[in-house]
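> could you work out the structure for the sequence below:
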Amino acid sequence: MNSPERVIETNGIQLCTQTYGAPEDPAVLLVAGTSCSMDWWTPDFCTALAGRGFFVLRFDQRDTGRSSRDEPGNPTYSLTDLTRDAVGVLDGYSIDQAYWVGFSQGGWVSQLAALDHPDRVAALTLISTRPTGHGQADPDLPEVTAELLATWEQSGEPLWDDPAAMIDYLVESERSLAAAPFDEQAARAIGTSCVTRSADLRSAVINHPMADQGPRWRHRLEEIAVPTVVLHGDQDPLFPPANATALTAEIPGAVLQFLPVGHELPPRVHPTVIEAITGSALNSLTAGGGSREGSETDR
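Numbering: from 1, shown residues only. Reported below is the predicted structural model:
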């Protein structure tokens with residue numbers, strides 16, 4: 001069962017949040033990617049995850065959805081702030097520790113949470129991400145594919161004030177990142193929800209990639225001491241698969257699983273992702289972690 005949306009105050013801003021499942025169950029915090037609101041974590045996904053015995057939290061990051069936003073082109077926050085915001089969501093629900101699930105930029109936030117706020121992280125599921133932030137990757141990490149770069153160069157300026165055109169823009173953005181078969185229906189449902197709920201998509205699309213990435217953290221990954229699963233599309237054009245191999249190698253005990261997708265999380269792989277999150281949570285409980293007592297994650 002999902003809750004109504006709830007706005008919490010943290011770090012001097014407002015974040016719009018929503019939960020699924022029973023508050024007494026172990027908490028899972030979902031952190032979306034660059035420029036993505038909570039809508040990216042679909043109700044069907046959240047409901048299915050809650051059905052495995054989790055209290056699932058999703059939220060609009062700064063500049064997305066119904067959360068606080070800066071003027072387009074002038075982000076006043078850093079990746080470190082986005083990490084503090086995510087921790088603030090746990091504070092808003094009086095949750096000491098959670099299983100963190102981060103996609104793309106959300107994977108960077110989750111890595112930083114495990115490094116800078118280790119007491120708040122019971123386990124990690126890192127999806128379609130890498131060990132460095134926005135900007136040029138390290139020399140050993142493959143960059144965005146030439147095909148995707150060409151697609152970006154051919155795309156025009158979004159029609160910001162035309163809702164139907166913005167939905168199409170978001171769908172085509174997802175198409176450029178996806179592997180065949182592209183699930184346009186699922187992408188359009190997410191795009192429609194994003195446009196409907198967002199006060200100004202300019203801030204989301206423009207500001208997140210511009211935000212200060214803060215200190216590098218790749219050299220610290222060996223400090224991560226929680227069960228970690230890395231999931232990655234074997235056809236990812238944004239962060240080609242060697243990024244996932246490098247990330248996995250640098251986190252002690254991390255396990256890598258490739259998915260038959262691009263830089264995306266279509267419904268056809270949701271069961272696999274949910275199984276991975278559940279497995280990571282069970283490993284955490286075996287190791288003595290966990291966000292609540294009386295876990296029912298085996299149901």
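> count of residues packed around Glu71?
Residues lying near Glu71 (other Cβ atoms under 10 Å) number 13. Yep, even glycine has a C-beta here, placed from its N, CA and C like the rest.
> I figured it hits Met210, correct?
No - here Glu71 lies out of contact with Met210, judged by Cβ atoms under 8 Å, at a distance of 11.4 Å.
> which residues are in contact with the longest helix along the chain?
Determined from DSSP state H, the single longest helix within the chain is helix 270-286. With Cβ atoms under 8 Å, 6 or more residues apart in numbering as the test, helix 270-286 has contacts from 26, 28, 44-45, 48-49, 52, 54, 99, 101, 122-125, 127, 226-229, 231, 257, 259, 265, 290, 295, 297-298.
> in strands, which of those fall?
In strands, defined here by DSSP state E, the members of the contacts of helix 270-286 are 28, 99, 101, 122-125, 127, 228-229, 231, 257, 259.
> what angle do the helix or strand of the chain with the lowest mean pLDDT and strand 121-127 make?
Counting by mean pLDDT, DSSP states H and E, the chain has its least confident helix or strand at helix 270-286, which shows a mean of 91. Calculated by axes from the mean of the first three to the mean of the last three Cα atoms, to 10 degrees, helix 270-286 forms an angle of 150 degrees with strand 121-127.
> any idea how far helix 270-286 is from the chain center?
16 Å (Cα atoms, centre = their mean, to the nearest Å).
> now do the one helix or strand Met166 maps to: which elements does it pack against?
In this assignment (DSSP states H and E), Met166 forms part of helix 163-177. For helix 163-177, the contact count by 3 or more Cβ pairs under 8 Å, 6 or more residues apart in numbering; DSSP states H and E identifies helix 146-154, helix 184-197 as packing neighbours.
> mind putting those helices into a markdown table with mean neighbour count and mean pLDDT?
Below are the helices and strands packed on helix 163-177 laid out as a markdown table (neighbours: other Cβ atoms under 10 Å; pLDDT from 0 to 100):
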| stretch | mean neighbour count | mean pLDDT |
| --- | --- | --- |
| helix 146-154 | 11 | 94 |
| helix 184-197 | 17 | 98 |
